[in-house]
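**Q** Let's see this in three dimensions:
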Amino acid sequence: MRPLDIVELAEPEEVEVLEPEEDFEQFLLPVIHEMREDIAALTREHGRAYLRSRSKLWEMDHMLVQIQTQVEASEQSALNHLQGPGAGAEGRGARRGDQAEEKAQEVAKMAEMLVALVRRIERASRP
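**A** Down below sits the predicted model:
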(Lines give C-alpha, C1' and ligand atoms only; values in the text may rest on other atoms or scores of the structure.)
Protein backbone atom coordinates (compact mmCIF):
# COMPACT_ATOMS: atom_id res chain seq x y z
CA MET A 1 0.00 0.00 0.00
CA ARG A 2 1.45 3.34 -0.97
CA PRO A 3 1.12 6.44 1.21
CA LEU A 4 -1.36 9.09 0.10
CA ASP A 5 0.00 12.15 -1.54
CA ILE A 6 -1.21 15.39 0.00
CA VAL A 7 -1.51 16.97 -3.43
CA GLU A 8 -3.95 14.20 -4.47
CA LEU A 9 -6.13 14.91 -1.47
CA ALA A 10 -6.13 18.62 -1.99
CA GLU A 11 -7.43 18.41 -5.55
CA PRO A 12 -10.96 16.99 -5.68
CA GLU A 13 -12.19 15.50 -8.91
CA GLU A 14 -14.23 17.75 -11.08
CA VAL A 15 -17.80 16.59 -11.51
CA GLU A 16 -20.03 17.93 -14.21
CA VAL A 17 -22.96 19.67 -12.63
CA LEU A 18 -26.18 19.44 -14.58
CA GLU A 19 -28.98 21.90 -14.61
CA PRO A 20 -31.95 20.78 -12.48
CA GLU A 21 -34.08 20.12 -15.58
CA GLU A 22 -31.38 18.02 -17.22
CA ASP A 23 -30.77 16.15 -13.98
CA PHE A 24 -34.49 15.44 -13.62
CA GLU A 25 -34.89 14.31 -17.24
CA GLN A 26 -31.74 12.23 -17.34
CA PHE A 27 -31.85 10.47 -13.97
CA LEU A 28 -35.17 10.86 -12.18
CA LEU A 29 -37.69 10.39 -14.99
CA PRO A 30 -36.48 6.89 -15.91
CA VAL A 31 -36.59 5.86 -12.25
CA ILE A 32 -40.09 7.28 -11.86
CA HIS A 33 -41.28 5.45 -15.00
CA GLU A 34 -39.80 2.16 -13.74
CA MET A 35 -41.48 2.62 -10.38
CA ARG A 36 -44.83 3.29 -12.06
CA GLU A 37 -44.44 0.13 -14.16
CA ASP A 38 -43.58 -1.88 -11.03
CA ILE A 39 -46.60 -0.51 -9.20
CA ALA A 40 -48.87 -1.32 -12.15
CA ALA A 41 -47.48 -4.87 -12.36
CA LEU A 42 -47.94 -5.41 -8.61
CA THR A 43 -51.48 -4.06 -8.79
CA ARG A 44 -52.33 -6.41 -11.66
CA GLU A 45 -50.85 -9.39 -9.80
CA HIS A 46 -52.76 -8.47 -6.64
CA GLY A 47 -55.99 -8.40 -8.65
CA ARG A 48 -55.22 -11.77 -10.21
CA ALA A 49 -54.43 -13.32 -6.82
CA TYR A 50 -57.70 -11.97 -5.42
CA LEU A 51 -59.66 -13.42 -8.33
CA ARG A 52 -57.91 -16.79 -7.98
CA SER A 53 -58.77 -16.99 -4.28
CA ARG A 54 -62.37 -15.94 -4.94
CA SER A 55 -62.59 -18.60 -7.64
CA LYS A 56 -61.33 -21.26 -5.22
CA LEU A 57 -63.83 -20.14 -2.60
CA TRP A 58 -66.64 -20.28 -5.17
CA GLU A 59 -65.60 -23.83 -6.12
CA MET A 60 -65.63 -24.87 -2.45
CA ASP A 61 -69.02 -23.27 -1.92
CA HIS A 62 -70.36 -25.11 -4.98
CA MET A 63 -68.97 -28.36 -3.60
CA LEU A 64 -70.69 -27.72 -0.26
CA VAL A 65 -74.01 -27.18 -2.03
CA GLN A 66 -73.53 -30.48 -3.87
CA ILE A 67 -72.77 -32.28 -0.59
CA GLN A 68 -75.85 -30.78 1.03
CA THR A 69 -77.99 -31.87 -1.92
CA GLN A 70 -76.61 -35.40 -1.70
CA VAL A 71 -77.25 -35.56 2.03
CA GLU A 72 -80.84 -34.41 1.57
CA ALA A 73 -81.36 -36.94 -1.24
CA SER A 74 -79.91 -39.74 0.91
CA GLU A 75 -82.15 -38.81 3.82
CA GLN A 76 -85.20 -38.73 1.57
CA SER A 77 -84.26 -42.04 -0.02
CA ALA A 78 -83.83 -43.66 3.39
CA LEU A 79 -87.19 -42.32 4.56
CA ASN A 80 -88.92 -43.47 1.37
CA HIS A 81 -87.36 -46.90 1.72
CA LEU A 82 -88.60 -47.20 5.30
CA GLN A 83 -92.13 -46.04 4.45
CA GLY A 84 -92.43 -48.01 1.21
CA PRO A 85 -93.97 -51.46 0.71
CA GLY A 86 -92.30 -54.31 2.56
CA ALA A 87 -91.47 -52.17 5.54
CA GLY A 88 -93.11 -54.76 7.74
CA ALA A 89 -89.81 -55.90 9.17
CA GLU A 90 -89.76 -53.22 11.84
CA GLY A 91 -86.39 -54.11 13.34
CA ARG A 92 -84.55 -54.18 10.02
CA GLY A 93 -86.17 -50.90 8.91
CA ALA A 94 -85.31 -49.18 12.17
CA ARG A 95 -81.71 -50.35 11.90
CA ARG A 96 -81.41 -49.08 8.32
CA GLY A 97 -82.97 -45.79 9.36
CA ASP A 98 -80.39 -45.45 12.14
CA GLN A 99 -77.59 -46.23 9.69
CA ALA A 100 -78.90 -43.69 7.22
CA GLU A 101 -79.12 -41.07 9.95
CA GLU A 102 -75.56 -41.82 11.08
CA LYS A 103 -74.32 -41.43 7.50
CA ALA A 104 -76.23 -38.18 7.14
CA GLN A 105 -74.68 -36.89 10.38
CA GLU A 106 -71.20 -37.85 9.16
CA VAL A 107 -71.71 -36.06 5.87
CA ALA A 108 -73.13 -33.02 7.68
CA LYS A 109 -70.09 -32.96 9.96
CA MET A 110 -67.78 -33.12 6.92
CA ALA A 111 -69.70 -30.26 5.33
CA GLU A 112 -69.32 -28.18 8.51
CA MET A 113 -65.59 -28.88 8.51
CA LEU A 114 -65.37 -27.74 4.88
CA VAL A 115 -67.28 -24.56 5.73
CA ALA A 116 -64.85 -23.87 8.58
CA LEU A 117 -61.94 -24.44 6.20
CA VAL A 118 -63.41 -22.07 3.63
CA ARG A 119 -63.86 -19.39 6.28
CA ARG A 120 -60.27 -19.80 7.48
CA ILE A 121 -58.99 -19.51 3.91
CA GLU A 122 -61.19 -16.49 3.32
CA ARG A 123 -59.88 -14.76 6.47
CA ALA A 124 -56.29 -15.58 5.55
CA SER A 125 -56.65 -14.23 2.00
CA ARG A 126 -58.01 -10.84 3.08
CA PRO A 127 -55.42 -8.05 2.91
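**Q** Find the residue at the geometric middle of the chain.
**A** S53 (3.3 Å; Cα atoms, centre = their mean).
**Q** OK, contacts around that one?
**A** I121, E122, S125 (Cβ atoms under 8 Å, 6 or more residues apart in numbering). Heads up, the C-betas are built off the backbone N, CA and C, glycines and all.
**Q** if you set the cut-off to 6 Å instead, what comes out?
**A** Taking Cβ atoms under 6 Å, 6 or more residues apart in numbering, we find S53 in contact with S125.
**Q** so where does it fall, helix or strand?
**A** Using DSSP states H and E, S53 falls within helix 29-83.
**Q** next structured bit after that helix?
**A** Next element after helix 29-83 (DSSP H and E): helix 90-125.
**Q** Setting aside sequence neighbours, what's the nearest residue to S77?
**A** A100 (7.9 Å; Cβ to Cβ, 6 or more residues apart in numbering).
**Q** With I121 instead?
**A** Per Cβ to Cβ, 6+ apart, closest to I121 is L57, 6.8 Å.
**Q** give me the low-pLDDT residue ranges for the chain?
**A** Filtered on pLDDT under 70, the chain yields the residue ranges 1-13, 15-18, 23, 82, 84-94, 127.
**Q** ok, A78 - how many residues close by?
**A** Using other Cβ atoms under 10 Å, A78 has 19 other residues around it.
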